[in-house]
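In: Next input, structure requested:
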Amino acid sequence: SKVRHIAMATRAFLINLSISDLCVGIIACAPSVYPAWTGQWTYGDIWCQVSGIVHGSSVAVSIWSISLVSIDRFFAVTWPMKYAAMVSKWKCALIIMALWLGAIVSFLAPCLTKKDFIYYKFKTQYSMCGLYWEYKLFCTITGLYIPILCGSILVFTAVKIVQALKRSTKFQESSGIENSRPANRRALRVIVATSIIYFVFWCPYVAL
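Out: Numbering: from 1, shown residues only. Okay, the predicted model is just below:
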């Protein structure tokens, strides 16, 4: 939040990414220390549901925040003249709120299918109440719109940014103009690195 040379939207999405990851650590992972030691969940079924919903929602928001950074840089590079009008603080705030609402609804929905609203269960192998895949449809839908769709967005935006930078470079070379957009190339390197790391770590999970 203190680094001001990063674009406002990118900074907002990175802060959102940090908050979502922090939620996983504080609400889902930290309370699992004691169950990991004893092998028992002592916090009750309600906290297990809270932990499971927050875990799933935070993971979804975390992944989508990475994609939003790529989308933001895509707009900045592809439509630099329109970017300021397209991106504003209130639009970013609405997107972030909608992101959290959609994620919470997605991972709360399975609880509503149970008479006692108890869907998430303690798993001894993980020592925590977290992501739980009982329904094939739920697994398929969340698998499609969270990691697979986000991965597709990362690839699409990276390819489009490369194409835009190539067109810009050719125009500058033909016009004898010095490259004035080094920030765009730095953004591309960040997106490519992020995409590679994303696919390396998420592909095995999604495939399994």
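
In: switch to C-alpha atoms for all contacts and neighbour counts from now on
Out: Noted.

In: which residues does residue 51 contact?
Out: 27, 28, 129, 130 (CA atoms under 8 Å, 6 or more residues apart in numbering).

In: The first one against residue 54, yeah?
Out: Yes. Taking contact to mean CA atoms under 8 Å, the distance of 7.2 Å between residue 27 and residue 54 places them in contact.

In: the strands in this structure, which residues?
Out: For the chain, the strands defined by DSSP state E cover 122-123, 128-129.

In: Of the ones you listed, flag the one that's most buried.
Out: Among those, the stretch with the highest mean neighbour count (mean count of other CA atoms under 10 Å) is strand 128-129, at a mean of 26.

In: surely residue 164 meets residue 77?
Out: Yes. Assessed by CA under 8 Å, residue 164 is found in contact with residue 77 at 6.9 Å.

In: Which one of the two is surrounded by more residues?
Out: residue 77 (23 against 16; other CA atoms under 10 Å).

In: what pLDDT does the more buried one get?
Out: Note on residue 77: pLDDT of 82.

In: hang on, isn't it packed against residue 162?
Out: No. Using CA under 8 Å, residue 77 is not in contact with residue 162; the gap is 9.4 Å.

In: Now find how far off-centre the longest helix along the chain is within its chain.
Out: Assignment by DSSP state H gives helix 44-78 as the longest helix of the chain. Centre-to-centre, helix 44-78 and its host chain are 4 Å apart (CA atoms, centre = their mean, to the nearest Å).

In: next one: stretch 103-117
Out: 21 Å.

In: Pull out the buried positions in that stretch.
Out: Neighbour-count burial for stretch 103-117, with 16 or more other CA atoms under 10 Å as criterion, is recorded at 103, 104, 106, 107, 108, 110.

In: same question, stretch 140-152
Out: So stretch 140-152, judged by 16+ other CA under 10 Å, has buried residues 142, 146, 147, 148, 150, 151.

In: any idea of the mean pLDDT in it?
Out: On average, stretch 140-152 scores 85.

In: and what of stretch 90-102?
Out: 94.

In: Check what contacts it and list those residues.
Out: 9, 12, 13, 16, 57, 61, 64.

In: which residues does the last one contact?
Out: Right, residue 64. Residue 64 touches 99, 146, 150, counting by CA under 8 Å, 6+ apart.

In: again, only this time at 6 Å
Out: Residues near residue 64 by CA atoms under 6 Å, 6 or more residues apart in numbering: none.

In: still on that earlier bit, neighbour-wise, which of residue 27 and residue 54 wins?
Out: residue 54 (24 against 16).

In: Let me know the pLDDT of the residue positioned nearest the centre of the chain.
Out: Central residue of the chain (CA atoms, centre = their mean): residue 63, 1.9 Å from the mean position. Looking at residue 63, its pLDDT reads 89.

In: now do residue 33
Out: 89.

In: which one is it nearest to, not counting chain neighbours?
Out: residue 127 (7.7 Å; CA to CA, 6 or more residues apart in numbering).
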